[in-house]
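below is the structure, and that's it, no one-letter string:
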Ligand code: IPE
Ligand code: IPE
Ligand code: MG
């Protein structure tokens, strides 16, 4: 292989040493069906879903995961009935207000990804406060994907790079994968090693489009409000049995 070709292999493509994934990202799905199964309103499913987030954060820290991303509201979730959207925004506000002090006390760093424009001033201030207060914490990083869409994130990144080209501060020929990453919301956060989706749906629903190019995916039948440490442990065991090749050859073959 020529030196030139070698240099073009991106940094993400280093085979993992196995073990515990550094970054687990979760598509928390099935709150509504969890509630429907019990004859409860959807809101109750969402409320119980917040408790599952608390369990997931605790378990992730205990299991040595460094980054936990939770998909809590997608760019497309505005399509839901106004009452449900308002319930979901209310639960986010309550979660940040109620849990921020404890997250901070537990040395957890909070990052929010997704579009802030279009959110009301009170929510934007809460999200800013959560990031500011916890920015120097050194424990688990909890990434909350809120008003997030993977394609929208890439569009924003392209706009930002295009502005730099227009200003004359960026040479188009110098744009590489690292440059693109500097313009994403997830800048500085390693790509997810493992993506878990609950509720039996097997799709990505516009989550971390750029970042999951080589992630492992695990689809679980459980509804999100039932998620607990045992669920996470089982997923990590399954992850440990996967072989990540990043386009290379199996360890046995090479
Ligand atoms: C996940 O549960 C929460 C959000 C998407 C905000 P759902 O609300 O999607 O629950 P189901 O898929 O209808 O069961
Ligand atoms: C994905 O779940 C978004 C979140 C978990 C926040 P959805 O329930 O919105 O996804 P679809 O519509 O079934 O693809
Ligand atoms: Mg759903």
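Received, thanks. Since the structure is predicted, the reported quantities are computational estimates derived from the model, not experimental observations. Ligands and ions are numbered 1, 2, ... in the order given.

and the stretch 1-150 of the chain, which of its residues are near ligand 1?
Proximity of the stretch 1-150 of the chain to ligand 1, by CB under 6 Å from any ligand atom, involves residues 28, 29, 30, 31, 32, 33, 73, 77, 88. C-beta: built from backbone N, CA, C; applies to glycine.

if we use 5 Å, what do you get?
29, 30, 31, 32, 33 (CB under 5 Å from any ligand atom).

is it possible to export those to a markdown table including pLDDT and neighbour count?
Formatted as a markdown table, those follow (pLDDT from 0 to 100; neighbours: other CB atoms under 10 Å):
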| residue | pLDDT | neighbour count |
| --- | --- | --- |
| 29 | 99 | 22 |
| 30 | 98 | 25 |
| 31 | 98 | 24 |
| 32 | 98 | 21 |
| 33 | 98 | 17 |
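
from the residues you listed, which land in helices?
With DSSP state H as the criterion, helices contain 31, 32, 33 from among those.

what pLDDT does the closest residue to the last one other than its chain neighbours get?
Ranked by CB to CB, 6 or more residues apart in numbering and with sequence neighbours excluded, the top spatial neighbour of residue 33 is residue 223, at 5.7 Å. With respect to pLDDT, residue 223 has a value of 98.

residue 223: what's it in contact with?
29, 30, 31, 33, 34, 37, 45, 198, 199 (CB atoms under 8 Å, 6 or more residues apart in numbering).

at 10 Å instead, please
By CB atoms under 10 Å, 6 or more residues apart in numbering, residue 223 lies in contact with 28-37, 45, 48-49, 52, 198-200.

can I take it that residue 131 is in a strand?
No. Counting by DSSP: H, G, I helix; E, B strand; the rest coil, residue 131 is not part of a strand but helix.

and the gap between the residue of the stretch 1-150 of the chain found nearest ligand 1 and residue 40?
In the stretch 1-150 of the chain, the residue that lies nearest ligand 1 is residue 32 (2.8 Å; CB to the nearest ligand atom). Distance, residue 32 to residue 40, by CB to CB, to the nearest Å: 10 Å.

output the lowest mean pLDDT helix or strand found in the chain.
Ranked by mean pLDDT, DSSP states H and E, the weakest helix or strand in the chain is helix 3-7, scoring a mean of 46.

and the next element down the chain from that helix?
Next in sequence after helix 3-7, counting helices and strands by DSSP states H and E, comes strand 23-27.

check the offset of that following strand from the chain's centre.
Counting by CA atoms, centre = their mean, to the nearest Å, strand 23-27 is centred 5 Å from the centre of its parent chain.

same deal with stretch 170-186?
The answer for stretch 170-186 is 20 Å, by CA atoms, centre = their mean.

buried ones in that stretch?
Within stretch 170-186, the residues scored as buried using 16 or more other CB atoms under 10 Å are 170, 180, 181, 183, 184, 185, 186.

a markdown table for those, including pLDDT?
As requested, the buried residues of stretch 170-186 are exported to a markdown table (pLDDT from 0 to 100):
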| residue | pLDDT |
| --- | --- |
| 170 | 98 |
| 180 | 98 |
| 181 | 98 |
| 183 | 98 |
| 184 | 98 |
| 185 | 98 |
| 186 | 98 |
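
ok, for residue 42, nearest residue in space, not its chain neighbours?
residue 32 is the one closest to residue 42 (CB to CB, 6+ apart), at 4.5 Å.

and residue 100, how many neighbours?
Residue 100: 17 surrounding residues under other CB atoms under 10 Å.

show the average pLDDT along the lengthiest helix in the chain.
Ranked by residue count and defined by DSSP H, the top helix of the chain is helix 82-105. Helix 82-105 carries an average pLDDT of 98.

that helix - contacts with which helices or strands?
helix 42-62, strand 67-74, strand 109-113, helix 121-134, strand 141-148 (3 or more CB pairs under 10 Å, 6 or more residues apart in numbering; DSSP states H and E).

give me that answer again for 6 Å
Judged by 3 or more CB pairs under 6 Å, 6 or more residues apart in numbering; DSSP states H and E, the packing partners of helix 82-105 are helix 42-62, helix 121-134.
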